[in-house]
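Undergrad: Give the three-dimensional model of this entry:
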Amino acid sequence: MRLPSMPTLRRVAVPLAFGGNSEQQHTYFAELHRVGLVTQVLGIVAFSLTWLLMPPAYHPNLTHAWLALAGMLMSLVVRYRCTTLPVLTVTGACAVLALTFGLRTMADAVHHASFWVLPVGVFMTLAIASIFNGGLSYLAVVAGVWWNVGHGLYPVNAGLPDESWAPLMIVVSVLFGLALNVSFSLLRLRNYHSRVELTRLAFQDGLTGLNNRRMFTQRAQQMHGAPQGGTLYFLMIDIDDFKTINDQQGHDAGDDVLVRTAAIIADKAQGHLCGRLGGEEFGIVYAGSREQVRAFAGGLVEAVSQGFLAVQFVSISVGVAELDRGRELGHSYRLADEALYLAKRQGKNRYVIA
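TA: The predicted structure is shown next:
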């Protein structure tokens, strides 16, 4: 069995331990926000019912009980209004610790706290596994939970045969809780990477790696609509005689030509928007003067013809048109297409500016 590489291990282990980078945390926020709110509301209800149903013979410390309830309510309000995952984590920790402090207060009132706090601690350890993203933050809160419910009570039944049962239950519950937390975090991480990949496929051409037509058009529309942008030119690029290459050499050879041409375009167009518009057509939105775009188009035509000389002759034709901000984008596209058609008629392997 092949072991995962170090980058792959780091890619998975770091988010599972620390909660992921800022982009991942932003993605996780909505899910954890909803889950955490529901969990906190249920915790407040459980604590309130425990208090209300306590027999009259038992009298909990009212100051501690009200402090615990106030802490839970304040954490709920802050969590409802927060917008970042770190704040969400802190408010969740405060809510959990306030709840366990309140439940310990109730357990102390019945004079059998060591009996009640063990199942409370186990339940809380497992219940909060889903609301903390990152194993380290979860373990930190769990440590607070067990200190809250157990300080001053353990070891239980010291010197008796069942003395080891309490620490055994604590350790097992923490391990199970950590396994649950890692499982939930791993599911979030996988969903995140799936969404990133789907987004990439939606906006990136699968063969060449350039922007696809959808992404190219969206970004061109944004640049065209920018009120204070400089002069822009649209370059429509077509590989000459591409159908002949496909017919005579096969589609694999045609794909290789597309990939290599795209690589040259991407290299030359650094800093400028470029993409594959479909088939053997590419597009570039160039920001600069007319003299600059003329030199760029000529250099691009030369780079493609020189880039294939060692294997075969491949050339491109380019039609250039200024993006008229006073008219719709399609108008400039049509002018560039007409210029491209003229370049083809004049012998190909050249550019024409409309």
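Undergrad: which residues touch the helix or strand hosting Ala263?
TA: Using DSSP states H and E, Ala263 sits within helix 251-268. Residues outside helix 251-268 that contact it (CB atoms under 8 Å, 6 or more residues apart in numbering): 205, 207-210, 237, 239, 242, 245-246, 274, 276, 280, 282, 284, 296, 299-300, 303-304, 307-308, 314, 316. (C-beta placed from N, C-alpha, C; glycine too.)
Undergrad: I only care about those residues that end up buried; give me the PyMOL line for that.
TA: A single PyMOL command is used to select the members of the contacts of helix 251-268 judged buried by 16 or more other CB atoms under 10 Å:
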select buried, resi 205+208+210+237+239+242+245+246+274+276+280+282+284+296+300+304+314+316
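Undergrad: Return the distance of Arg81 relative to Gln25.
TA: Separation of Arg81 from Gln25 (CB to CB, to the nearest Å): 18 Å.
Undergrad: sorry, that was for Asp324
TA: Distance from Asp324 to Gln25, by CB to CB: 43 Å.
Undergrad: okay, the two: which has more neighbours?
TA: More crowded of Asp324 and Gln25, by other CB atoms under 10 Å: Gln25, with 21 against 14.
Undergrad: In contact with that one, which residues?
TA: Gly19, Thr84, Leu85, Pro86, Asn133 are the contacts of Gln25 under CB under 8 Å, 6+ apart.
Undergrad: The last one: what secondary structure?
TA: To tie it back to what came earlier, the one meant is Asn133. With DSSP: H, G, I helix; E, B strand; the rest coil as the basis, the three-state label of Asn133 is coil.
Undergrad: what's the neighbour count on it?
TA: Asn133, neighbours per other CB under 10 Å, totals 27.
Undergrad: Please apply the same query to Gln221.
TA: Gln221 has 12 nearby residues by other CB under 10 Å.
Undergrad: how about the one helix or strand Ser305 maps to as PDB, C-alpha atoms only?
TA: Assigned by DSSP H and E, Ser305 belongs to helix 290-307. Extracted in PDB, the C-alpha atoms of helix 290-307 (Å, rounded to 0.1, in the frame of the first residue of the first chain):
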ATOM      1  CA  ARG A 290      -2.800  51.100 -29.600                       C
ATOM      2  CA  GLU A 291       1.000  51.000 -30.200                       C
ATOM      3  CA  GLN A 292       1.400  48.600 -27.300                       C
ATOM      4  CA  VAL A 293      -1.300  46.200 -28.400                       C
ATOM      5  CA  ARG A 294       0.100  46.300 -31.900                       C
ATOM      6  CA  ALA A 295       3.500  45.200 -30.600                       C
ATOM      7  CA  PHE A 296       1.900  42.600 -28.400                       C
ATOM      8  CA  ALA A 297      -0.200  41.000 -31.200                       C
ATOM      9  CA  GLY A 298       2.800  40.900 -33.500                       C
ATOM     10  CA  GLY A 299       4.900  39.300 -30.800                       C
ATOM     11  CA  LEU A 300       2.200  36.700 -30.000                       C
ATOM     12  CA  VAL A 301       1.900  35.700 -33.700                       C
ATOM     13  CA  GLU A 302       5.700  35.400 -33.900                       C
ATOM     14  CA  ALA A 303       5.900  33.400 -30.600                       C
ATOM     15  CA  VAL A 304       3.400  30.800 -31.800                       C
ATOM     16  CA  SER A 305       5.100  30.200 -35.200                       C
ATOM     17  CA  GLN A 306       8.500  30.000 -33.500                       C
ATOM     18  CA  GLY A 307       7.200  27.700 -30.700                       C
END
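Undergrad: what does that helix rub up against?
TA: Counting by CB under 8 Å, 6+ apart, 231, 233, 235, 237, 260-261, 264-265, 267-269, 286, 288, 313-318, 320, 322, 349-351, 353 sit against helix 290-307.
Undergrad: re earlier: I'd like the mean pLDDT over the helix holding Ala263, please.
TA: Mean pLDDT, computed over helix 251-268, is 91.
Undergrad: can you check stretch 134-148 too?
TA: 91.
Undergrad: can you check stretch 195-212 too?
TA: The average pLDDT within stretch 195-212 is 85.
Undergrad: Mind listing residues that contact it?
TA: 27, 214-216, 219, 255, 258-259, 262-263, 265-266, 273-276, 282.
Undergrad: And stretch 92-109, by the same measure?
TA: With CB under 8 Å, 6+ apart, stretch 92-109 has contacts from 36, 40, 43-44, 46-47, 50-51, 54, 58-61, 64-65, 67-69, 71-72, 74-76, 79, 113, 116-117, 120-121, 124, 128, 131-132, 137, 140-141, 144-145, 148-149.
Undergrad: What subset of those is buried?
TA: Using 16+ other CB under 10 Å, the buried ones in the contacts of stretch 92-109 are 36, 40, 43-44, 47, 50-51, 60, 64-65, 68-69, 71-72, 75-76, 79, 113, 116-117, 120-121, 124, 128, 131-132, 137, 141, 144-145, 148-149.
Undergrad: can you name the two of the contacts of Gln25 that are farthest apart?
TA: The most widely separated members of the contacts of Gln25, counting by CB to CB, are Thr84 and Asn133 (12.4 Å).
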